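>>> sequence first, predicted model second:
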Amino acid sequence: MNKFEAMKQAKDGLDILEDIPRFARAGFESVPEDDLERLKWAGIFHRKPTRPYFMMRIRFPSGIATTAQIRTVADIIATYGRSRADLTTRQQIEPRWLPIEAMPDVQEALAAVGLTSLQTGMDNIRGVVGCALAGLYAPELLDASPICREFQDLFVGDKAFTNLPRKFNVAITGCPDNCIDAESQDVALVPAIQEVAGVEVVGFNVLVGGKMGSGGFCIAQPLDAFVEPYEAARICKELVLIFRDFGPRETRSRARFAFLIEERGLAWVRDVAEQRMGHPLLPQGQDVRSTGHVDHVGVTRQRQDGLNAVGLVVPVGRVTAEQLRELARLADEYGRGEVRLSTEQNAVIPHVPDARLDAFLAEPLLQEWRPGADPSMRGLIACTGVEFCNLALIETKARALQVARALEGRLPPDRNLKIRWSGCPASCGNHHAADVGLQGKRVRLPDGRVVEAVTISTGGRTGPEARSAEVVMEDVLCDEHLPWVLERILCGAEVVA
């Protein structure tokens, strides 16, 4: 039994909620080492680079937020978190620099606006992702955002879901344009059409066993199952519980749904799912996913007449309290009090009327978070890197911005590129699914110095033709020639090492 399994047997992770007020009164040094891990069940993360402060991960199913929620997060980081936070690839917000003494007040403030951080870390179902324009995007087959919320409500706070072998990622989308990297998820519901009793029904095909991280990109496989919307949340629930009951627990690096499927087979997973659903599953329907990728950046005409959704590029997802407050103000003044967060660390303000679009585009925040950003910046994703992460090997966000700015104006303007940085093999930047992926490492130079470097991969993608990026260069030093090397790769020129 590994130490994490022993820790979970000793005390359920959610029981840590009872201890937080005591820790807040007694201070950081009162928190036992095991409870520093258990705090992740409350969405509270100790990070060695910022000891004794904590990061918090806040859920937004399908990335949908109200302006009241955005202002609350802004108030929290302004009061306790040095005015800094990050938007994540799971449509969440991560405040940082939070002291343990503030946690009861922070939790109370979040609950007052319908937010929670529960179970966003360790062996739990992480943030439920969906299309950032769910319900607004004209090509979508159906609005899956209510299903994302329904599924989240099934497991948050329920101890039946707090002892999984490892983390579990779920995506539910009706968007055909591959905006959420569905094939990298443990379970993904993607839009499909099936004939039921002679009638065409819209719903979802079920994909299972995707993952990023160590060992590379495992592409989720079709379960040969179609579900209608009314059963969508339930099939996700049953697949999670299959993983809970049968998933491997001995070795953490292999304790993912993909390895259970490798061991037992897709047919076994489908048979057990049918038993638990209580009826046969329909075979997969017609897959309506396109082969392209849409990031929902820029101005998108909504399916609602006269309205627009405007996707803003938030450079590497880093935000301040002032920027979040301004985002909320713009969403109230020009929209309908709603903000969307994307899986590419960006923000969207929907419901902007045609008559006000030009005035909106001229607002100062949009000169920082540009809806018409250069290709070097538009598809840029970076994990937190050594600044905040225990595992990272290099600085990511600052380097990613530095390289992107060096490339501005030097790439073909019509290229919709995904350039993604991960500070280590864990692939929190999803670099395996990028046009250009950079994985951090350290290399020793002939003079004995150890410096930051990257392995560069190209050609990754998600969607029905998903494939993992392939390594094209290794040991590229971050401080020497990296913008030049990337420019040559992105423009198709020969690179001479």
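That came in fine, so what should we check first? Numbers count the residues shown, from 1 in each chain.
>>> can you count the residues close to Lys200?
No Lys there; residue 200 is Glu. By the criterion of other C-beta atoms under 10 Å, Glu200 has 10 neighbours. Any C-beta I mention is one placed from the backbone N, CA and C, and that applies to glycine too.
>>> bridged to it, which residues?
Glu195 (DSSP bridges).
>>> that one contacts Ile193, doesn't it?
Yes. The pair Glu200 and Ile193 passes the contact test of C-beta atoms under 8 Å, sitting 5.6 Å apart.
>>> so what strands line up beside the host helix or strand of Ala453?
Ala453 is part of strand 450-458 when elements are defined by DSSP states H and E. As defined by DSSP bridges, the strand partners of strand 450-458 come to strand 436-444 (antiparallel), strand 470-477 (antiparallel).
>>> which one of the ones you listed is the most hemmed in?
Ranked by mean neighbour count, the strands paired with strand 450-458 are led by strand 436-444 with a mean of 21 (mean count of other C-beta atoms under 10 Å).
>>> give me the residues contacting that one.
Outside strand 436-444, the residues that touch it by C-beta atoms under 8 Å, 6 or more residues apart in numbering are 385, 392-394, 396, 417-425, 427, 429, 431, 450-458, 460, 469, 475, 477, 486, 489-490.
>>> which among those residues count as buried?
385, 392-394, 396, 417-425, 427, 429, 431, 452-457, 460, 469, 486, 489-490 (16 or more other C-beta atoms under 10 Å).
>>> turn the strands paired with strand 450-458 into TSV, columns for distance to Arg256 and mean pLDDT.
Shown next, in TSV, are these (distance: least, C-beta to C-beta, whole Å; pLDDT from 0 to 100):
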stretch	distance to Arg256	mean pLDDT
strand 436-444	19	97
strand 470-477	22	95
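>>> farthest residue from the center of the protein?
The C-alpha centroid of the chain is most remote from Asp447, which lies 39.7 Å away (C-alpha atoms, centre = their mean).
>>> surely it is in a strand?
No. Read with DSSP: H, G, I helix; E, B strand; the rest coil, Asp447 is coil and lies in no strand.
>>> dihedrals phi and psi, it?
Note on Asp447: backbone dihedrals following degrees, to the nearest 10 are phi -80, psi 10.
>>> and the residue most central in space within the chain, what is it in contact with?
Central residue of the chain (C-alpha atoms, centre = their mean): Arg90, 2.0 Å from the mean position. The neighbourhood of Arg90, defined by C-beta under 8 Å, 6+ apart, consists of Arg126, Gly127, Val129, Asn169, Thr343.
>>> make a markdown table out of those residues and add secondary structure.
Shown next, in a markdown table, are the contacts of Arg90 (three-state DSSP):
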| residue | secondary structure |
| --- | --- |
| Arg126 | coil |
| Gly127 | coil |
| Val129 | strand |
| Asn169 | coil |
| Thr343 | coil |
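>>> in stretch 279-293, what counts as buried?
Buried, per 16+ other C-beta under 10 Å, within stretch 279-293: Leu281, Leu282, Gln284, Gly285, Val288, Arg289, His293.
>>> could I get the average pLDDT for the longest helix seen in the chain?
Secondary structure of the chain per DSSP state H: the longest helix is helix 229-246. Averaging pLDDT along helix 229-246 yields 98.
>>> name the helices or strands packed onto it?
helix 145-155, strand 170-172, strand 187-196, strand 199-208, helix 257-264, helix 266-277 (3 or more C-beta pairs under 8 Å, 6 or more residues apart in numbering; DSSP states H and E).
>>> for Gly127, grab phi and psi.
phi -50, psi 130.
>>> does it touch Pro61 like I think?
Yes. Using C-beta under 8 Å, Gly127 is in contact with Pro61, at 7.3 Å.
>>> quick check: neighbours shared by these two?
Residues within reach of Gly127 and of Pro61 at once, by C-beta under 8 Å, 6+ apart, are Gln91.
>>> relative to Thr79, which of the buried residues of stretch 279-293 is nearest.
Using C-beta to C-beta, His293 is the member of the buried residues of stretch 279-293 that lies nearest Thr79, at 38.5 Å.
>>> from Asp177, how far out is that closest one?
Remark: distance between His293 and Asp177 (C-beta to C-beta, to the nearest Å) = 7 Å.
>>> got it, and Arg420?
On the measure of C-beta to C-beta, Arg420 and Asp177 end up 18 Å apart.
>>> ok, Gly81 next?
For Gly81, the distance to Asp177 - C-beta to C-beta - is 35 Å.
>>> of those two, who's got more company?
Gly81 (25 against 21).
>>> you'd agree the more buried one is up against Ile93?
No. If you go by C-beta under 8 Å, Gly81 and Ile93 don't touch, sitting 10.7 Å apart.
>>> coming back round to it: buried ones in the longest helix of the chain?
Quick answer for helix 229-246 (16+ other C-beta under 10 Å): 229, 231-244, 246.
>>> how far does stretch 472-485 stretch from one end to the other?
End-to-end distance of stretch 472-485: 11 Å, with C-alpha to C-alpha, to the nearest Å as the criterion.
>>> correction: stretch 255-274
Terminal-residue distance, stretch 255-274 (C-alpha to C-alpha): 23 Å.
>>> and if you look at stretch 37-52?
End-to-end distance (C-alpha to C-alpha), stretch 37-52: 14 Å.
>>> stretch 282-302 too?
So stretch 282-302: terminal residues 32 Å apart, C-alpha to C-alpha.
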